[in-house]
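Visitor: Can you look at this prediction? I've put the sequence above it.
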Amino acid sequence: MKNGKKIIKRGRKRGEQMDKKKEFCDFCGGELRPGRKDLEFKAVGKVVLCRDLPANICCQCGEAYLDAEISEKVEKFLKKVSKISPEKYIPVPVFAPSVVLR
């Protein structure tokens, strides 16, 4: 007791796993699970492919959600991407709306 009040300690016992709250996709409602995914971004007028990023991925539609720390690191990277040599270049086809929307 402290100052006449009973103190209740809340926490895990040794070896006890903390229950994680399930997260769901904003688009389809599927469950999000930790994984890694290649993601494309636009930066300085270029399409940039960032490979194997850690993300929570929807098990139904594949939508990827980056946590705040990873998102911040990606933003910093994209600001300086033109000064960094890529691992490799790949061709990216470009189509006009008139072709896509036929």
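Guide: Thanks, I have the structure now.

Visitor: now the helices for the chain?
Guide: Along the chain, the stretches classed as helices by DSSP state H are 68-79, 97-100.

Visitor: from those helices, which stretch is densest packed?
Guide: helix 68-79 (a mean of 12; mean count of other CB atoms under 10 Å). C-betas here are computed from N, CA, C, even on glycine.

Visitor: tell me the mean pLDDT for that one?
Guide: The average pLDDT for helix 68-79 rounds to 96.

Visitor: Output the contacting helices and strands for that helix.
Guide: strand 32-43, strand 46-58 (3 or more CB pairs under 8 Å, 6 or more residues apart in numbering; DSSP states H and E).

Visitor: which one of those strands has the most crowded surroundings?
Guide: Mean neighbour count (mean count of other CB under 10 Å) peaks for strand 46-58 among the helices and strands packed on helix 68-79, with a mean of 15.

Visitor: Could I get the pLDDT score of the nearest residue to residue 79 once chain neighbours are set aside?
Guide: What sits nearest to residue 79 in space, not counting adjacent residues and going by CB to CB, 6 or more residues apart in numbering, is residue 43, at 7.8 Å. In this prediction, residue 43 carries a pLDDT score of 90.

Visitor: Please consider this matter closed, and thank you.
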